[in-house]
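A.B. asks: build the 3D model from these lines:
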Amino acid sequence: MNLETLINKYYDQLNDNDLHVISYVSQNIELCKDKTVTEIAKNCNVSPSTIIRTTKKIGFDGYSEFRYFIKEEADRIRDAKVSHNQSFHSSVLLKDVQETIKLFEGDKNLQEIYKLFLKSKNIFAYGTGYGQNLMLKEFSRCLLNHNIFLNIIPSKTELELISQAITPNDLLIVASLSGKTGSIDAMLKNIVVKKVPTISVTVFSRNELAYLANYNLYYQVTHLNKVNQLNNSSYCTLNLVLSLLYEGFTNYLNERESAVK
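C.D. replies: The predicted model follows:
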């Protein structure tokens, strides 16, 4: 099990400090593998006890066991780069980007989605994993340029609460890689039954989430990395489709404004 998998597994139990610590370690794993808990704490600007609590939340007995894990993780990543040459080339990413753009431009429901952004009383967004959540946060930041507030749902607990209070006057966006609904299936079905407009953002495939949603946005993913079972370009193309959505919405607003003048 790699660090990214652990983040997704225990995501609902992690607070902002935990995510900050794990994100730092994940991005600097070669540097962190020989660091003491005090050194990691100093680099993250948190206390050593916070680091220890975080490691326990993701299934370790304490920092010593976690340190051993990240040493193995660093070695595994280094070996993977040598043996597989990262199993990835720029041509693969380029293909994913081109296909994602093609999928977006071929979507016939974009105007309806843009209208929902304007008329919905509340707009909520839920990412099924850590990376998806980060991409939605960036999308949320962009929408603020148009005075539209996107409520990011941080965990399944909050999604369950919102599923009880959300109304047909609201809008829900759910971003996922696989499109599998899993443990949130009942909540999503409850939302759909209430006739709440729902937008799925998933990899291009037949999937449960896309089937439930009223509108589907897709991004292209070519293959999974053999070492960590994650796609090298999935976050890139997810970010791309959300960026295209924002730019399309911006153009839509500009055209409406021009039509009024």
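A.B. asks: tell me, what residue is most central in the chain?
C.D. replies: With distances taken as C-alpha atoms, centre = their mean, the residue of the chain nearest its centroid is Gln132 (0.4 Å).
A.B. asks: which of the helices or strands spans it?
C.D. replies: helix 130-143 (DSSP states H and E).
A.B. asks: roughly how far is that helix from the heart of the chain?
C.D. replies: 7 Å (C-alpha atoms, centre = their mean, to the nearest Å).
A.B. asks: what of stretch 109-121?
C.D. replies: 22 Å.
A.B. asks: coming back round to it: from Val21, how far out is the nearest residue in space to the residue nearest to the centre of the chain that is not next to it in sequence?
C.D. replies: Spatially, and ignoring its direct neighbours in sequence, Gln132 is nearest to Ala175 (4.2 Å; C-beta to C-beta, 6 or more residues apart in numbering). Quick note: C-beta positions are derived from backbone N, CA and C, even for glycine. Distance from Ala175 to Val21, counting by C-beta to C-beta, to the nearest Å: 24 Å.
A.B. asks: would you mark the buried spots in stretch 173-180?
C.D. replies: Ile173, Val174, Ala175, Ser176, Leu177, Ser178, Gly179 (16 or more other C-beta atoms under 10 Å).
A.B. asks: and the pLDDT for the third one?
C.D. replies: As predicted, Ala175 sits at a pLDDT of 95.
A.B. asks: wait, it sits on Phe124?
C.D. replies: No. Taking contacts as C-beta atoms under 8 Å, Ala175 lies outside contact range of Phe124: 11.8 Å.
A.B. asks: please pull up the helix or strand immediately following the lowest-mean-pLDDT helix or strand in the chain.
C.D. replies: Ranked by mean pLDDT, DSSP states H and E, the helix or strand of the chain with the weakest confidence is helix 63-84, at a mean of 77. Where DSSP H and E defines the elements, the next helix or strand beyond helix 63-84 is helix 90-105.
A.B. asks: centre of the chain to the helix or strand hosting Leu6, how far?
C.D. replies: For Leu6, the host element (DSSP H and E) is helix 3-9. Computed by C-alpha atoms, centre = their mean, the chain-centroid distance of helix 3-9 equals 13 Å.
A.B. asks: stretch 94-114 too?
C.D. replies: 18 Å.
A.B. asks: repeat that for stretch 113-124.
C.D. replies: Counting by C-alpha atoms, centre = their mean, stretch 113-124 comes out at 20 Å from the chain centroid.
A.B. asks: again, but for stretch 43-50
C.D. replies: 25 Å.
A.B. asks: mean confidence score for that stretch?
C.D. replies: 92.
A.B. asks: residues touching it, excluding its own?
C.D. replies: Defining contact as C-beta atoms under 8 Å, 6 or more residues apart in numbering, one finds that stretch 43-50 is touched by Asn17, His20, Val21, Tyr24, Asn28, Lys35, Val37, Thr38, Ala41, Ile51, Tyr63.
A.B. asks: what's the first-to-last distance across it?
C.D. replies: 13 Å (C-alpha to C-alpha, to the nearest Å).
A.B. asks: that stretch: which residues count as buried?
C.D. replies: Applying 16+ other C-beta under 10 Å to stretch 43-50 flags Cys44, Val46, Thr50 as buried.
A.B. asks: with distance to Ile184 and secondary structure as added columns, please give those in JSON lines.
C.D. replies: Below are those laid out as JSON lines (distance: C-beta to C-beta, whole Å; DSSP: H, G, I helix; E, B strand; the rest coil):
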{"residue": "Cys44", "distance to Ile184": "30", "secondary structure": "helix"}
{"residue": "Val46", "distance to Ile184": "30", "secondary structure": "coil"}
{"residue": "Thr50", "distance to Ile184": "29", "secondary structure": "helix"}
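A.B. asks: let me have those residues in a markdown table, extended by distance to Tyr235.
C.D. replies: Formatted as a markdown table, these follow (distance: C-beta to C-beta, whole Å):
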| residue | distance to Tyr235 |
| --- | --- |
| Cys44 | 22 |
| Val46 | 25 |
| Thr50 | 26 |
